[in-house]
Each structure stands twice: as C-alpha cells, then as structure tokens.
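Engineer: structure for this input, please:
(chains A and B)
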There are 2 protein chains.
Amino acid sequence: MRTVFHEKLDELTVQLAEMCGRAGLAMKNATRALLDADLSVAEQVIADHDRMVAMRAKAEQAAFALLALQQPVAGDLRAIFSAIQIIADTERMDALAVHVAKIARLRYPDRAVHGEASDCFAEMGRLAVGLGESARQVLLTGDPAEAARLREEDTEMDDLYRRLFGLLMNPAWQHGIPAAVDTALVGRFYERFADHAVEVGRRVVFIATGTLPPEDGISTY
Amino acid sequence: MRTVFHEKLDELTVQLAEMCGRAGLAMKNATRALLDADLSVAEQVIADHDRMVAMRAKAEQAAFALLALQQPVAGDLRAIFSAIQIIADTERMDALAVHVAKIARLRYPDRAVHGEASDCFAEMGRLAVGLGESARQVLLTGDPAEAARLREEDTEMDDLYRRLFGLLMNPAWQHGIPAAVDTALVGRFYERFADHAVEVGRRVVFIATGTLPPEDGISTY
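Structural biologist: Residues are numbered from 1 along each chain as shown, chains lettered A, B, ... in the order given. Take a look at the predicted model:
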C-alpha cells in the first residue's frame, strides 16, 4: 500500500509532467502563430500563461507541503528537491512560448519572420515541441538514460540557432532591421526553451541516480 | 546557542549572498568589457563562470544536506526551499553577464554597441549592478520591505529596455544589422539579469512573511 506521502509525491510528479506538456503545446501554438501570423492563436498562448502561473504556485505549495509533512530521505528527497527546480523550468518554458507569441502579435498582420529564417523556425519549433514531450515523458518514467538523451536533441537546436545567426550576419540579409531583431530574439527564445527541457532531463537523472550530470557550457550568443 | 542546523543554514545564506555579489561584479565587469571593448576583462568574466558553477553545486549540496539533516519547519523550511530557487537565479545572473562579455569578445577589437545604445547600456549596467547589490543585501538582512523594493528598481530597467527597442525600430538606426542584433540581445541579457534579481527579492519576502508576492507580467519583447 502506498502511503499518503507517496501518493502526494506521485501527484506532484504528474503535475510537473502536465506543466511540461502544456509548455510544449504552448510552443507548438506559438510557432504556428509565428509562421502563419495567426493572431488568435498568439492571443490564446498569451492568455493561457495565467493558468501556468497558477499551476506553478500550486506545485510549489505541494512540494513545500511534502517537505513539511515528513522528512523524506534518499530518492524521495531528491524528487522533491528537483521538483522545486523543475517547476521553475517548466513555467519558464511556457513564458518563452509566450514571448514568441508576443512577437507574432506585435507584427500582425505582417509575418514577423521571413525567408530562410522561417524554415529555421519551423524546424526549431518542431524540435522544441519534441524536447517538451521528451521532458514530459522522462518526468513520468523517471528513466535516466532517456533523460540524458535530451541533451542530444538539444545539439540540433544549437545547430539551428547558429544557422540563424549565419543568416543574420550575412550581408545578403534583405529583410531589414526590425525583422533581424525579431529573428535574433525569437531564435533565443527557442534555444532557451530547449535548454530548460535539457535541465529537466538533468534533474530526472539526479532523481534516479543521485548524480547530477555536468552543465553544458554557455553558447557564444 | 545556535544549533548545528542553524549554523549551517546561516552558512548557506552567506553563500547565496556571495553568489549574488559575484554575479553583480560579473555584470559590472561585463559592462566595462562591452563599453570599452576590453578583451581581457571580457575573458575574465567568461573564465570566472566556472567558479560560479562550482558554487552552485556546493550550495545545492548544502541545501540538500540541511533537508536530510533535520525536518525543518516554518521559516527554516521556507529559507531552504527558497534557497534552492535563489541558487538557480544567481547562477543565471552570472551566466547573463557571461553572455554580455561574449558579445564584447565576439566583436573585439570593435565595440559591439554604438551611439545612444551605449548610453543605454551604461545605465542598464549601473542598474544591474545596483540590483545585484540590493539582492545581496536583502539576502543577508532578510528585510521583506527592502526585498519588495527591488521590483521598483526593475521598472527603470524595463524603461531602458523599451528605449533601446525604440532606437532599434527607428528607421534612423545607422549601425547596421549585426550591431542591431547584438544590441537587442545584450539588452535582453540586462533585462533578464534584473528579473532574476527581482525574483531573489520575491523569495526573500516569502522567507520573511510566508507569502510570495505575485509575479510580474511578461514584457512585450
């Protein structure tokens, strides 16, 4: 029989996975808003963030209550300790999707991104959604090997981010300065989204093994 | 007489304050590297981040050990719970200083920023260093009124950030696309640095009062 403590810890894990799933969905929709200049989708992503803020508060209260309820040890303590960090990562992922949506909204009815950069963002969106889904799954399975694999998915994101800056730094860039600024910032939002998903993976490895994998270095941009 | 637990909790608080102080110093130096195109200062900021990563790991271990040592209640539990979040914020502040330094290094021997944007960054640097110092101090004093005041300091940063985007979106911008991209990203790094300092303040309010102030909304950019 599961104790009340373990039932509540399981509930918290499910909440974290749900937050991660919502952040992934937000980035999926934000990418659509960006590429299609779809105002209503952008507005929806922005409005939905309130729900994520509420989920964060609820998850933090749950983690706090678990520590107050019982003195957890070993794996249980690692799970709660890591949850506190993962909560912040997942809310941030959602906030980054909101940033993408806000740039789409700012430029509506025009598209914020153009030409080859749009192709990059389609691909970055696909990767971000995949990373969000992987993070959600490893939260539920707790599988450290799968969790460590998120870093590999992120290297593709880094490659795309570099490709984007190659476009921006090329004298042939013909979309003007506001589009260059939007492109640089949106690129950064995707790249940071992926970093937070990788961070969730690192914490899942820690929960499972007790060892936190080293951080990645900081990219040039 | 202080118990071992409280001595260790005090030590952790001092570590957090030290991390915050180091992040503030890093941003001070990164701003100098940016405005003066000073390569050696930029390199130093970048190299010093390893020390911050090590401090983060040590502080996380200390927080974990405190939870394993004793079942803390009330204010003590809030302090450790919040420390876990503050550790991530302070390391991120340092990472953002590294990002500024990396852009200075990327453009060396040229300056990465120009004209009125440089004036903005001088001011943003001053504000960031002030916010870092305020965050350091409130960590040590635990004063919730002072901690809440960090948000007011941040509104100045937000104003500067908007002013910067005004410059970038003005057709009179004459520094080209790479400088526009650098300016947008560097502006974002300062703005995020300030957000993390405000976040430290929010957590200090929570430690002192048991109530977490609401989050700020997400800016347009």
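Engineer: can you map out the helices along chain A?
Structural biologist: For chain A, helices defined by DSSP state H occupy the ranges A:4-36, A:39-69, A:74-107, A:115-141, A:144-169, A:176-209.
Engineer: quick one: the ones you listed as a markdown table, columns for mean pLDDT, distance to chain B and mean neighbour count too.
Structural biologist: Any C-beta I mention is one placed from the backbone N, CA and C, and that applies to glycine too. Shown next, in a markdown table, are the helices of chain A (pLDDT from 0 to 100; distance: least, Cβ to the nearest Cβ, whole Å; neighbours: other Cβ atoms under 10 Å in any protein chain shown):
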| stretch | mean pLDDT | distance to chain B | mean neighbour count |
| --- | --- | --- | --- |
| helix A:4-36 | 97 | 12 | 21 |
| helix A:39-69 | 97 | 6 | 17 |
| helix A:74-107 | 97 | 5 | 23 |
| helix A:115-141 | 97 | 12 | 21 |
| helix A:144-169 | 95 | 5 | 17 |
| helix A:176-209 | 97 | 4 | 24 |
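Engineer: right, and these - which one's nearest residue B:189?
Structural biologist: For those, proximity to residue B:189 was assessed by Cβ to Cβ; helix A:176-209 is nearest, at 9.6 Å.
Engineer: in TSV: the helices of chain A, plus distance to residue B:34.
Structural biologist: Output for the helices of chain A, formatted as TSV (distance: least, Cβ to Cβ, whole Å):
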stretch	distance to residue B:34
helix A:4-36	30
helix A:39-69	32
helix A:74-107	23
helix A:115-141	26
helix A:144-169	18
helix A:176-209	17
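Engineer: compare these and give me the one nearest residue B:64.
Structural biologist: Of all the helices of chain A, helix A:74-107 comes closest under Cβ to Cβ, at 5.8 Å.
Engineer: what's that closest one packed up against?
Structural biologist: The contact analysis (3 or more Cβ pairs under 8 Å, 6 or more residues apart in numbering or on different chains; DSSP states H and E) places helix A:74-107 against helix A:4-36, helix A:39-69, helix A:115-141, helix A:176-209, helix B:39-69, helix B:74-107.
Engineer: now the closest residue to chain B within chain A: how far from residue B:73?
Structural biologist: Nearest residue of chain A to chain B: residue A:71, at 3.7 Å (Cβ to the nearest Cβ). Distance of residue A:71 to residue B:73, computed by Cβ to Cβ, to the nearest Å: 11 Å.
Engineer: who has more neighbours, the two?
Structural biologist: Taking other Cβ atoms under 10 Å in any protein chain shown, residue A:71 and residue B:73 do not tie; residue A:71 has more neighbours (14 against 10).
Engineer: identify the residues contacting residue A:118.
Structural biologist: By Cβ atoms under 8 Å, 6 or more residues apart in numbering or on different chains, the contact set of residue A:118 is A:35, A:111.
Engineer: where's it relative to residue B:177, distance?
Structural biologist: From residue A:118 to residue B:177 the distance is 17 Å (Cβ to Cβ).
Engineer: and stretch A:107-126, end to end?
Structural biologist: In terms of Cα to Cα, to the nearest Å, the two terminal residues of stretch A:107-126 are separated by 22 Å.
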